[in-house]
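> Predicted model, plus sequence, below.
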Amino acid sequence: MAVFAAREACLLFDSKGRRYLIELIVGAQFHHHQGLLPHDDIIGAEEGATLYSSLGRPLVALRPRLADFALKMPRGAAVVYPKDTGAILVWADIKPGDIVVEAGTGSGALTMALARAVGKEGRVISYEQREDHAELARKRIRGFFGFMPEQIELRVGRVEDGLPELRPDRIVLDLPEPWHSVPLATQCLAAGGIFCCYLPTVPQVQQVREALAASGSFLDVMSFEVMMREWTVDGRSVRPSHRMIGHTGFITVARKREPAGESG
């Protein structure tokens, strides 16, 4: 089992199951209300090890899952929630070897999931208009993987400026006005390619659906949202959690078709 290394992300669990995401830095300390834990005690330890604070309280060290990292990482832009990320990967059918164009990058949470899905044989070209968000995404991606995966290319600018030169298998947009990209998606996506967008409001969904319909180039169009409710299981007491992750965004997916031939 690989041991923790400096600059790696680590998720600490206290005795009550609370989670704390930290970056391991030589000489630094994790400050907890139940004592201090030097990062040097974690560096070199095996994943799953129980370590003890200066007050003798146990802390379990694990590597964060991507879902943990996305929800806990400091961020400058809203992230796509893990429950929605999973749906995007499945319904947009992101697979090894795909070329995916993404916009906007935000804090990089969805970019990381896309990179994992396409693998080293694929490619993720992600556009972000704000330089500060792009730089933060670059930092967060390196923080999770420990390096910048070779299949990720981060670009600063408008996705509409880059699409004409690309022939992506999938287009995944987390933008306020994705309907502006529909005409270019019509030109750039091969038949069978998938257009996917993530939007917070019904009027935005209506507008992108109208653009997709007007293009005449997409079929099997669907819009949906994902709800997630955790359950509390404590002995014979089994009940829904008092809180749930309800509406976070609407996902719309559409499949590119070949132009219809003229009848007659």
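Thanks, I have it.

> all helices of the stretch 51-200 of the chain, in order?
66-72, 82-91, 109-118, 131-145, 159-162, 182-188 (DSSP state H, counting those that start in this stretch).

> Those: which one's closest to R7?
With C-beta to C-beta as the criterion, R7 lies closest to helix 131-145 of these, at 8.0 Å. Every residue, glycine included, has its C-beta placed from N, CA and C.

> Can you tell me which of the helices of the stretch 51-200 of the chain is packed in deepest?
Comparing those by mean neighbour count (mean count of other C-beta atoms under 10 Å), helix 109-118 ranks first with a mean of 24.

> Distance from it to the middle of the chain?
Relative to its chain's centre, helix 109-118 lies at 6 Å (C-alpha atoms, centre = their mean, to the nearest Å).

> quick one: F218 from G104, how far?
22 Å (C-beta to C-beta, to the nearest Å).

> before we move on, what about V202?
Remark: distance between V202 and G104 (C-beta to C-beta) = 21 Å.

> go on, R209?
Distance of R209 to G104, computed by C-beta to C-beta: 21 Å.

> got the contact list for the helix or strand harbouring Y20?
For Y20, the host element (DSSP states H and E) is strand 19-23. Outside of strand 19-23, the residues within contact range by C-beta atoms under 8 Å, 6 or more residues apart in numbering are 7-14, 30, 32, 39, 64, 68-69, 72-73, 143.

> just to revisit the earlier point, tell me which of the helices of the stretch 51-200 of the chain lies nearest to F195.
Comparison of the helices of the stretch 51-200 of the chain against F195 by C-beta to C-beta identifies helix 182-188 as nearest, at 5.0 Å.

> In this structure F195 contacts C188, no?
No - taking contacts as C-beta atoms under 8 Å, F195 lies outside contact range of C188: 9.9 Å.

> quick one: common contacting residues for these two?
Common contacts of F195 and C188 (C-beta under 8 Å, 6+ apart): I171.

> how about A6, what does it touch?
Contact partners of A6, counting by C-beta under 8 Å, 6+ apart, are 24-26, 39, 43.

> repeat that with 6 Å
A6 makes contacts with 24, 26, 43, as judged by C-beta atoms under 6 Å, 6 or more residues apart in numbering.

> just to revisit the earlier point, emit the ChimeraX select command for whichever of the contacts of strand 19-23 are buried.
In ChimeraX syntax, the buried subset of these is picked out as below (16 or more other C-beta atoms under 10 Å):
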select :8,9,10,11,12,14,30,32,39,64,68,69,73,143
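
> Quickly list the domain ranges of the protein.
9-64, 68-256 (automatic domain parsing).

> F144 versus the residue most central in space within the chain, what's the distance?
The chain has L110 as the residue nearest its centroid, 2.1 Å off, counting by C-alpha atoms, centre = their mean. Taking C-beta to C-beta as the measure, L110 falls 12 Å from F144.

> swap in L62?
Per C-beta to C-beta, L62 is found 14 Å from F144.

> Pick out the shakiest of the helices of the stretch 51-200 of the chain, pLDDT-wise.
Among the helices of the stretch 51-200 of the chain, helix 159-162 has the lowest mean pLDDT, at a mean of 90.

> Can you show me the CA trace of that one as CSV?
Coordinates of the C-alpha atoms in helix 159-162 are reproduced here as CSV (Å, rounded to 0.1, in the frame of the first residue of the first chain):
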residue,chain,number,x,y,z
VAL,A,159,-15.2,28.0,-26.1
GLU,A,160,-16.9,29.3,-29.3
ASP,A,161,-13.4,30.6,-30.5
GLY,A,162,-11.9,27.1,-30.1
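
> which residues are contacting it?
Helix 159-162 is contacted from outside by 103, 127, 181, 184, using C-beta under 6 Å, 6+ apart.

> Could you find the closest non-adjacent residue to I94?
Using C-beta to C-beta, 6 or more residues apart in numbering and skipping residues adjacent in sequence, the residue nearest I94 is A117, 4.1 Å away.

> With that, I have no additional questions.
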